[in-house]
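Asker: Give me coordinates for this.
(one chain, ligands or ions: 2)
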Amino acid sequence: MARARTISTRPEPERACLVTVGVRGRDGPLALGESLDELAHLAASAGAVVVSRFSQMLPKPSRTYLGSGKIDELKEAIKRDSIDVVIFDDELHPTQQRALEDALHTKVIDRSGLILDVFAARARTREGKLQTDLAQSEHLLPRLAGQWSHLERLGGGIGTRGPGEAQIETDRRLVRTKIARLKRELEQVRQQRARQRRNRARGETRIVDLVGYTNAGKSALFNRLTAATVLVKNQLFSTLDPTTRRIHLPSGDSAVITDTVGFIHKLPTIVVAAFRATLEELREADILLHVVDASSPLAPQHAMVVDKILRDLELSDIPRILVLNKIDLVPGGFDGQLPEWATGSLGVQKAVFTSAVTGTGIEALRLAIDEELRGGVVAFDAAANGRSQIDH
Ligand SMILES: Nc1nc2c(ncn2[C@@H]2O[C@H](COP(=O)(O)OP(=O)(O)OP(=O)(O)O)[C@@H](O)[C@H]2O)c(=O)[nH]1
Ligand SMILES: [Mg+2]
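Answerer: Ligands and ions are numbered 1, 2, ... in the order given. Here you go, the predicted structure:
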């Protein structure tokens, strides 16, 4: 059976070239260069070494996605730099991917393929593996068509078309059968989770969920709040499988808090669909802690991406606390003032300033969770909170 196009974990890291195409009027919140920086981080998280980068601005993407001049330039770079894989910062249509592989004579991976590869390397639990496997199979299915076309191109005619087409059909059937099985198994997982939720509801446990852009520091905060030891690492999607722990609050109450998968811009729709069981959990939350890496120049864009995904998941009406993390890396710590993007684009009136590294603001966060759970009125204000953490 044809294999998914993944980056293999052989001892020599694969040498990658990154490509992005800007299409006027279509591009998301991140500018091309910023989006490529993120792609480089993703590629590194998948174990590749980024050797070169290309970008081009086009009125609209072509069949090969790039202009022909750029293709030639790219071919030269592939030869010169011994490139093993070309990674495109977008979701490529299967025919585009095929055309690019033909033109470049090199393995081509799109943004979704790369994200799925990182996910596959991170999944540990049965549910995480099932969800990742489902997303990878859905990604692979429409790409199977091209994999046997070399047989057809051997001149066509008697004896060449038959085997190729038959093989594609067999491969497709196998993948479809696998997708159906994975969906059945995931449905069982979902039902099991629903039972657990009902039990929890009987015990009236309050639920807090950490959400945010990947690498914002959710796991680091989770560890601070619960004395857990979830993996914290400067790579994208360190966390894939949710972890839940009890958190003790200043009033003496307790709640459960869950650390889960992070978000990213251009999150593939098949990932969102496959991770439905994990993301549905968020609906049960009494509070969402929206963690932002406040030290990143892209903090406003990241916060907006997360805000949009939460809206798409119909989670907008769950009370949310904005957590501006990595405050130790922000000179002056915002001086206790909320940044303009928070009050403007997000429409947020208050936030908690934290550093998961120094411990600053952790007690303020505990207090904010407590007060939100107890009455919804958070009796601290951003300025006071900001000052107290600067005094720390
Ligand atoms: N300086 C500083 N670094 C932090 C802080 N919080 C987290 N980090 C670092 O940021 C990186 C990402 O932290 P994680 O906790 O793994 O981030 P995450 O949001 O769980 O990321 P994913 O699980 O990949 O989505 C790690 O290198 C952390 O050490 C902080 O408050 N200050
Ligand atoms: Mg994490």
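
Asker: Give me the nearest residue to residue 109, chain neighbours excluded.
Answerer: Leaving aside its sequence neighbours, residue 109 sits nearest to residue 87 (CB to CB, 6 or more residues apart in numbering; 5.0 Å). No exception for glycine: its C-beta is placed from N, CA and C like everyone else's.

Asker: so the one you found makes contact with residue 14?
Answerer: No - applying CB atoms under 8 Å, one finds residue 87 not in contact with residue 14, separated by 9.7 Å.

Asker: what about those two, which has more around it?
Answerer: residue 87 (29 against 20; other CB atoms under 10 Å).

Asker: Return the list of helices and strands in contact with the helix or strand containing the more buried one.
Answerer: Residue 87 belongs to strand 85-88 when elements are defined using DSSP states H and E. Applying 3 or more CB pairs under 8 Å, 6 or more residues apart in numbering; DSSP states H and E, one finds that strand 85-88 contacts strand 15-23, helix 94-104, strand 107-110, helix 111-122.

Asker: one step back: from residue 261, how far off is the residue nearest to residue 109?
Answerer: Applying CB to CB, to the nearest Å, the value for residue 87 to residue 261 is 21 Å.

Asker: again with residue 329
Answerer: 24 Å.

Asker: residue ranges for the strands of this structure, please.
Answerer: Along the chain, counting by DSSP state E, strands occupy 15-23, 49-58, 85-88, 107-110, 207-212, 243-248, 254-259, 287-293, 320-325, 351-353.

Asker: Ligand 1 is nearest to which of these?
Answerer: Counting by CB to the nearest ligand atom, ligand 1 lies closest to strand 320-325 out of the strands of the chain; the figure is 4.8 Å.

Asker: Quick one: check the closest one for contact with ligand 2.
Answerer: No - against ligand 2, strand 320-325 shows no contacts by CB under 5 Å from the ion, the least distance being 11.9 Å.

Asker: Would you list the strands that that strand pairs with, along with their directions?
Answerer: strand 287-293 (parallel), strand 351-353 (parallel) (DSSP bridges).

Asker: got the ones you listed as JSON lines, with distance to residue 336 columns?
Answerer: Shown next, in JSON lines, are these (distance: least, CB to CB, whole Å):
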{"stretch": "strand 287-293", "distance to residue 336": "17"}
{"stretch": "strand 351-353", "distance to residue 336": "8"}
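
Asker: and of the ones you listed, who's closest to residue 222?
Answerer: strand 287-293 (9.4 Å; CB to CB).

Asker: contacting residues around the closest one?
Answerer: 206-213, 215-218, 221, 282, 299, 302-303, 306-307, 310, 315, 318-326, 365, 369, 372-373 (CB atoms under 8 Å, 6 or more residues apart in numbering).

Asker: one step back: among the strands of the chain, which comes closest to residue 72?
Answerer: Comparing the strands of the chain under CB to CB, the one sitting nearest is strand 49-58, at 11.6 Å.

Asker: For the closest one, buried residues please.
Answerer: 50-54, 56 (16 or more other CB atoms under 10 Å).

Asker: do stretch 219-239 as well
Answerer: Going by neighbour count (16+ other CB under 10 Å), the buried part of stretch 219-239 is 219-226, 228, 230, 232, 236-239.

Asker: check contacts around the nearest residue to residue 126 once chain neighbours are set aside.
Answerer: Using CB to CB, 6+ apart and skipping the chain neighbours, the partner closest in space to residue 126 is residue 189 (7.4 Å). Neighbouring residues of residue 189 by CB under 8 Å, 6+ apart: 126-127, 130, 277.

Asker: which one among the residues you listed gets closest to residue 64?
Answerer: Nearest member of those to residue 64, counting by CB to CB, is residue 130, at 35.1 Å.

Asker: Was I right to think that closest one contacts residue 183?
Answerer: No - Residue 130 lies out of contact with residue 183 (CB under 8 Å); the separation is 9.2 Å.

Asker: Would you mind telling me which of those two has the busier surroundings?
Answerer: The neighbour comparison of residue 130 against residue 183 (other CB under 10 Å) goes to residue 130, with 20 against 14.

Asker: From residue 184, how far out is the more buried one?
Answerer: Relative to residue 184, and taking CB to CB, residue 130 is found at 10 Å.

Asker: Okay, domains of this structure per the record?
Answerer: 15-122, 125-204, 205-391 (automatic domain parsing).

Asker: Just put the ones you listed in JSON lines and tack on mean pLDDT.
Answerer: Output for the domains of the chain, formatted as JSON lines (pLDDT from 0 to 100):
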{"stretch": "domain 15-122", "mean pLDDT": "88"}
{"stretch": "domain 125-204", "mean pLDDT": "77"}
{"stretch": "domain 205-391", "mean pLDDT": "88"}
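
Asker: between the ones you listed, which one is nearest to ligand 1?
Answerer: Per CB to the nearest ligand atom, nearest to ligand 1 of the domains of the chain: domain 205-391, 2.7 Å.

Asker: picking that back up, name the residue in residue 329 and residue 261 with the higher neighbour count.
Answerer: residue 261 (23 against 13).

Asker: Report the separation between the nearest residue to that one once chain neighbours are set aside and ligand 2.
Answerer: Excluding its sequence neighbours, the residue lying closest to residue 261 (CB to CB, 6+ apart) is residue 240, at 5.3 Å. From residue 240 across to ligand 2, the span is 9 Å (CB to the ion, to the nearest Å).
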